[in-house]
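Chemist: fold the following and give me the result.
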Amino acid sequence: MEEILEVIRAVAVFYLLEQMVFHLLPGRGYEKYVRFYLGLLLVLLLLQPFFKIAGLMEQLDAEALVEQLELDTEGYR
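Modeler: Sure, this is the predicted structure:
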């Protein structure tokens, strides 16, 4: 039950931040791109509990860390 409330809380905060971003946009030209990007983020936010259940969060975090380290060391070559 606690996990469900956590997801609902995260979606509510995401929605408030999304509305703030839309109000800060200088015009309507970028709205469809921002809406697409925020939609992808919302999908990831909603899939996060399933990733935790399947144990994929730790794997995704480890892969992201390795990728970031590779990018960081690439700049020093």
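Chemist: please count neighbours and contacts with C-alpha atoms only from this point.
Modeler: OK.
Chemist: phi first, then psi, for Pro26.
Modeler: phi -70, psi -30 (degrees, to the nearest 10).
Chemist: ok, it - contacts?
Modeler: Under the criterion of CA atoms under 8 Å, 6 or more residues apart in numbering, Pro26 has no contact partners.
Chemist: off-centre distance for the worst-scoring helix or strand of the chain on mean pLDDT?
Modeler: Within the chain, confidence by mean pLDDT, DSSP states H and E is lowest for helix 56-74 among all helices and strands, at a mean of 80. Distance, stretch centre to chain centre, for helix 56-74: 16 Å (CA atoms, centre = their mean, to the nearest Å).
Chemist: and the gap between the residue nearest to the spatial centre of the chain and Asp72?
Modeler: Per CA atoms, centre = their mean, the C-alpha nearest to the average position across the chain is that of Leu41, at 4.0 Å. In this structure, Leu41 and Asp72 are 25 Å apart, going by CA to CA, to the nearest Å.
Chemist: stretch 9-26: which residues count as buried?
Modeler: Neighbour-count burial for stretch 9-26 flags 14, 18 (criterion: 16 or more other CA atoms under 10 Å).
Chemist: using CSV, write out every CA atom in it.
Modeler: This file holds the C-alpha atoms of stretch 9-26, laid out as CSV (Å, rounded to 0.1, in the frame of the first residue of the first chain):
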residue,chain,number,x,y,z
ARG,A,9,2.7,11.2,-4.7
ALA,A,10,5.5,11.1,-7.4
VAL,A,11,3.0,11.5,-10.2
ALA,A,12,1.3,14.4,-8.5
VAL,A,13,4.6,16.2,-8.0
PHE,A,14,5.6,15.4,-11.6
TYR,A,15,2.3,16.9,-12.9
LEU,A,16,2.9,20.1,-10.9
LEU,A,17,6.4,20.4,-12.3
GLU,A,18,5.1,19.7,-15.8
GLN,A,19,2.6,22.5,-15.6
MET,A,20,5.3,24.8,-14.3
VAL,A,21,7.5,23.9,-17.3
PHE,A,22,4.6,24.6,-19.7
HIS,A,23,4.0,28.0,-18.2
LEU,A,24,7.7,28.9,-18.5
LEU,A,25,7.9,28.0,-22.2
PRO,A,26,8.5,31.2,-24.3
